[in-house]
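Novice: just need the structure, nothing else, for what follows:
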Amino acid sequence: MIGLILAMVRARSGQALTAFLLAMFAMAAAVSAPVYSATADAAVVRSEVAAAPVTERVVQVRRTTPTPTDHDFEVLVPQVFDGGQFTSVYSTEYNIMIFPVDPKSMQPIAPRFVYRDDACAHLRFSAGRCFVSESEVVLSTAQVELLKLHMGDTLPVSYAVQDPTTADYIEAGPRVTFTLVGAYEPINPADLYWSDADYFNPRATPRMTTEPVFASRLSMEAMEHGNERQIFDLAIDWSAVDRDSLDSVNAAVKSGQAQLAGIPGHPVVQTGLPALAKRINADRSLVAEVVPVAAVPLVLLCWFVLFIAVAAATQERRLELGLLSLRGVTAPRRWWLAAGESVVAILAGAAAGFVLGHYLVRLAAWLLLGSSAGVPLSAGLTRWSLAALVGALGAAVLAQRAELVKRTVDLLRNVPSRASRWGAPVFEVVVVALAAASVVQLHRGGGGLTGFALFAPSAIMIAVALLAARAALPIAERIGRRALRRGRIGPTLAAYALTRRPGTQRVLALFVVALGLMVFAATATDASADARDRRTRVELGAPRVLSVEPLSRASLLSKVHQVDPQGQFAMATAMLPVSDDTAVPPMLAVDSAALPNVALWEDRSLSVQAAQDLLRPKVGRPTIEVTNKDVSLDVTVDSLVDAFRVRWIAVVVPRDGSAVGRVNLGAVQTGRHTYTRNLPMCVQTCRLAGLELEQPEGRGFDVTMTVHSLTQSGKTVVDEAGFADTDGWRTPESPGPKLLVPTLTAAKDGLRAELTNYKGADTAVQLLPTDAPSPLPVIMARTAGIGDHMTGLDTHRQSITIAGEVETVPKLGYKGGLVDLDYAERLAADGGEALYPQIFLGPQAPADVIDRLQAQGLRVTDDRALGPLRAALDKQGPAVALRFHELAAALAVVLAAGALWLVASLDRLRRAGELRSLRAQGVARRDAGASGYLALVGTAALIAPFAALASWLLVREYLPVFSDDPDGFQASYWPSPVPVAASWAAAAVLLAAAAVVAGARLRAATTQRKR
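Specialist: This is a model prediction of the structure:
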């Protein structure tokens, strides 16, 4: 029997080759899904690791030694984390005091005394060299200049501790002499090597210096000292970590944490690795979820084409099957003889397709992911490959059933069967029901594109294709009848060939699905790309954003204005403090004068110029400015209750951005007095932020007073009329009984302020000039929601008015609002530090903008731009998975073109004699050879976009776009029409070209003689 089947394969090699190629294609399509998922997994791991912050790529182990001589930590940690996946950097430190050569000219400094593995390789020496012996140390260039030292000078150094009362550092051990051998600068303070040890923070501290002193381990042991702060930074070798070993690395970190818990000093193990692993696993899950959405219809199409091919081949063997039945061959043997020929070809094709699928994905990965990493053949040994093989065999067997169940007489007469006319409608009803069931599960199941809902996109398109094909063929028949009445032979023959040719409806449905897959893939890809573009632009807020070291808000504004006075390319921004009121969303303060030139403004209902005008309305009252000369405050205090050491404080904010001044004008006295004090910090003028009465203990008190005037150097800054204008002065806003503030009223000789019956409540006796609009105008995202107040920059309650609403606001998206930074700063009474200070840069920013900012003393800590952030989103799991949709759609169109070629070949065999007869009767060659293939493709091209649209609208919201869950950012309902139309047109042109060639081959058959 096997020999007979092989002989049949050799005798009909063309049919066997067709089955072989289709089975190979089906298996390659099925294998491509898991292999692409495996390749995409590796790409996702690489991209997520590259974008992860330092804290997620390093395991940080910290402890304070119980005794100065305890070395258990530095011995045990490398043993605990001894796998090849970790490389460790050990450091230890304690505080020291370095005494200047001339103690009268300067104070000692108290830097951190640090040993860190391989520190010299990460330092650049502006003078001298690195330490070698235990008596040598290196200082920063700034420390060398501060202490006025030279290379080779000796330094008296002692152990230091911090005084708990004054917070100053004091000497706490005998002095040891070290030799200065080098002045260093860190090569890259943001390098992973330095971790988060915070060695180079420029913020002022009681240490009187901002950099550490580096020395050898023996140098640190040579000095008598107290307990050490020890650090192990374990960097993970991500080149050796892949999707399979990620969990083992995470487990090793947890195991190490448990082993270190019991040693003295209670080491603390910190890492963001679990968050990174969670994000990577989420990306992998999304890849595994999205890839099959495209693989399912591709495999189904392969089965469908295989079904058509085997069914057509079986129809050609009717006479042979009839003779077998006539001669008494049993039904099982007839089935085996009929199916064996196809089964052999399918099994051989499946084996070849299994290998082909792997190499096809390698090529696709190189083209789509920029990666050519090989995936082992075992990656394709999944349920997908098994399902593809079983489905291909099932399609082949099912395709032969129609002929094998016929009566012998029908087979011998070669008469089409009438018994199965009910089968097609039943099949279509089943497909429509399955599509409806998958959509219901998708919308009600809550699990996204998983389970049976995975079939929803393809089932919807197939259902629409089948129904449209059933409706299109009767229309074609009516067109043929009309053409016949008009005497148009060619269109008549083409229309009747379409409507009466066996399997035309299935072929039309196949074309609709293939073209629909291309349109769906283009729609999903473009809509997702639009969402990623929109998210990148909104969340970044500007083409480029620089984060800077913490500094005061006034300093931030001043320094940015020094770099860009006209606001052409740079805009200072800062976040407002998080409100205790959960109904207040995040708020961003921006220098709105630069908003039109810098911000990426996405809203069309409110222009950026209009937003600028709304945020910064004109204010009639100028800012009160003072200089460093003596300032005098004339006040009459009528009464004081529970006020023991109350003093007048003038809060001034220097225009040059230097430290805010809180100047003590003197102790408060009852009666009328003038309080005078100079303002040394106001060399380049200051803004008067407020006048307040302060009691050192912070206890409340009652006061009734009248403020008459403020003068400086004999010139009136604010006269009695200026103080009597109550619209020009305000007090902190009180959120109810928690805070009591004075009542302000106008008096004939000034501003009267009264606070009585505080009864132990908190009080804020502050007089604040109103040189900014209050309530403060804000522009909110429509869905953010906010009441009538927010938390101001000084953390006090601030009334607001909603000046405008937009869809999204820069940086905060759908959940936030904007205020003017300058106005918000004027309404703040503290002149404090900016929260998350950033500088937004517009498209006109010069290439040397960072150098200009650094020249103003701004230290850039992070630099983000649209391009890299957009590229990072393109490397997330959903974006990577969607590229497989494009690949699968292209393969589906190629498969449809192959199916058209197959159908044309079978038509050519069946109709050759018919066409020659028509030619002999005088029918023109063009009319006799009319195939209708081009009309078939054109009909499918018209139907396919509607099938894809129906599928897209039903599954759009469930197709993941991002690996996280950003509020409001989803794939668009309507993507850009140009790329979708281009993909549709390219696929339609390919099928149209195949139809033209197939039609030409059919016309050629009219002149060939049958051999």
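Novice: next, count neighbours for the residue lying closest to residue 813 once chain neighbours are set aside.
Specialist: Leaving aside its sequence neighbours, residue 813 sits nearest to residue 538 (C-beta to C-beta, 6 or more residues apart in numbering; 5.0 Å). Using the backbone N, CA and C atoms, a C-beta is placed for each residue, glycine as well. By other C-beta atoms under 10 Å, 23 other residues sit near residue 538.
Novice: and residue 538, which of the three is it?
Specialist: For residue 538, the assignment made with DSSP: H, G, I helix; E, B strand; the rest coil gives helix.
Novice: distance from stretch 878-893 to the middle of the chain?
Specialist: 21 Å (C-alpha atoms, centre = their mean, to the nearest Å).
Novice: cool, and stretch 472-485?
Specialist: That offset, for stretch 472-485, works out to 54 Å (C-alpha atoms, centre = their mean).
Novice: so for it, mean pLDDT?
Specialist: The average of the pLDDT scores along stretch 472-485 is 72.
Novice: what's the answer for stretch 683-696, then?
Specialist: Taken as a whole, stretch 683-696 has an average pLDDT of 89.
Novice: again, but for stretch 428-444
Specialist: For stretch 428-444, mean pLDDT rounds to 78.
Novice: and that stretch, what's buried?
Specialist: Across stretch 428-444, burial judged by 16 or more other C-beta atoms under 10 Å covers 428, 431-432, 434-435, 438-439, 441-442.
Novice: ranking helices and strands of the protein by mean pLDDT, which lands last?
Specialist: helix 925-928 (a mean of 53; mean pLDDT, DSSP states H and E).
Novice: give the next helix or strand downstream of it.
Specialist: Downstream of helix 925-928, the first helix or strand assigned by DSSP states H and E is helix 933-955.
Novice: just the strands in the stretch 451-600 of the chain please.
Specialist: Using DSSP state E, counting those that start in this stretch, the strands of the stretch 451-600 of the chain run over 544-548, 570-575, 587-590.
Novice: same list, those, but as a markdown table with mean pLDDT please.
Specialist: Formatted as a markdown table, these follow (pLDDT from 0 to 100):
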| stretch | mean pLDDT |
| --- | --- |
| strand 544-548 | 94 |
| strand 570-575 | 96 |
| strand 587-590 | 95 |
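Novice: closest to residue 980 out of those?
Specialist: Proximity to residue 980 (C-beta to C-beta) singles out strand 544-548 among the strands of the stretch 451-600 of the chain, at 31.2 Å.
Novice: starting at the chain centroid, how far to stretch 458-467?
Specialist: On C-alpha atoms, centre = their mean, the centre of stretch 458-467 falls 34 Å from that of its chain.
Novice: stretch 820-830 too?
Specialist: 33 Å.
Novice: same check, this time on stretch 197-206
Specialist: With C-alpha atoms, centre = their mean, you get 32 Å for stretch 197-206.
Novice: kindly export that stretch (C-alpha atoms) in CSV.
Specialist: Extracted in CSV, the C-alpha atoms of stretch 197-206 (Å, rounded to 0.1, in the frame of the first residue of the first chain):
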residue,chain,number,x,y,z
ALA,A,197,26.1,56.8,47.2
ASP,A,198,25.5,60.5,46.7
TYR,A,199,29.2,61.4,46.7
PHE,A,200,28.9,64.5,44.5
ASN,A,201,25.8,66.3,45.7
PRO,A,202,26.4,70.0,45.4
ARG,A,203,23.9,71.0,48.1
ALA,A,204,25.3,72.9,51.0
THR,A,205,25.6,71.0,54.3
PRO,A,206,27.4,71.5,57.6
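Novice: give the burial count for residue 969, as a bare number.
Specialist: Per other C-beta under 10 Å, the neighbour tally for residue 969 reads 19.
Novice: now do residue 713
Specialist: Residue 713: 12 neighbours (other C-beta under 10 Å).
Novice: then residue 508?
Specialist: Residue 508: 25 neighbours (other C-beta under 10 Å).
Novice: would you mark the buried spots in stretch 618-632?
Specialist: For stretch 618-632, by 16+ other C-beta under 10 Å, it's 623-624, 626-628, 631-632.
Novice: can I get the residues you listed in TSV with distance to residue 96 and pLDDT?
Specialist: Formatted as TSV, the buried residues of stretch 618-632 follow (distance: C-beta to C-beta, whole Å; pLDDT from 0 to 100):
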residue	distance to residue 96	pLDDT
623	46	90
624	46	93
626	42	94
627	42	93
628	37	90
631	42	94
632	47	94
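Novice: surely residue 940 is in contact with residue 992?
Specialist: No - using C-beta atoms under 8 Å, residue 940 is not in contact with residue 992, being 10.1 Å away.
Novice: so between those two, which is more surrounded?
Specialist: Shown here are residue 940 and residue 992; by other C-beta under 10 Å, residue 940 has more neighbours (28 against 17).
Novice: what sits against the more buried one?
Specialist: 508, 511-512, 514-515, 991 (C-beta atoms under 8 Å, 6 or more residues apart in numbering).
Novice: got a ChimeraX select line for the buried ones in the residues you listed?
Specialist: Selecting the buried subset of these in ChimeraX, with 16+ other C-beta under 10 Å as the burial test, is done by:
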select :508,511,512,514,515,991
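Novice: sort the contacts of residue 940 by pLDDT and name the bottom one.
Specialist: Lowest pLDDT among the contacts of residue 940: residue 508, 84.
Novice: was I right to think that residue contacts residue 473?
Specialist: Yes - judged on C-beta under 8 Å, residue 508 makes contact with residue 473 at a distance of 7.5 Å.
Novice: what's stretch 449-457 in contact with?
Specialist: Against stretch 449-457 from outside (C-beta under 8 Å, 6+ apart): 289-290, 292-293, 296-297, 434-435, 437-439, 441-442, 445, 447, 520, 951, 954-955, 958-959.
Novice: what about residue 558, distance to residue 654?
Specialist: 8 Å (C-beta to C-beta, to the nearest Å).
Novice: quick one: the strands in the stretch 901-1011 of the chain?
Specialist: In the stretch 901-1011 of the chain, no strands are defined using DSSP E, counting those that start in this stretch.
Novice: where does it dip in pLDDT?
Specialist: Along the stretch 901-1011 of the chain, segments meeting pLDDT under 70 span 906-932, 1002-1011.
Novice: all set now, cheers.
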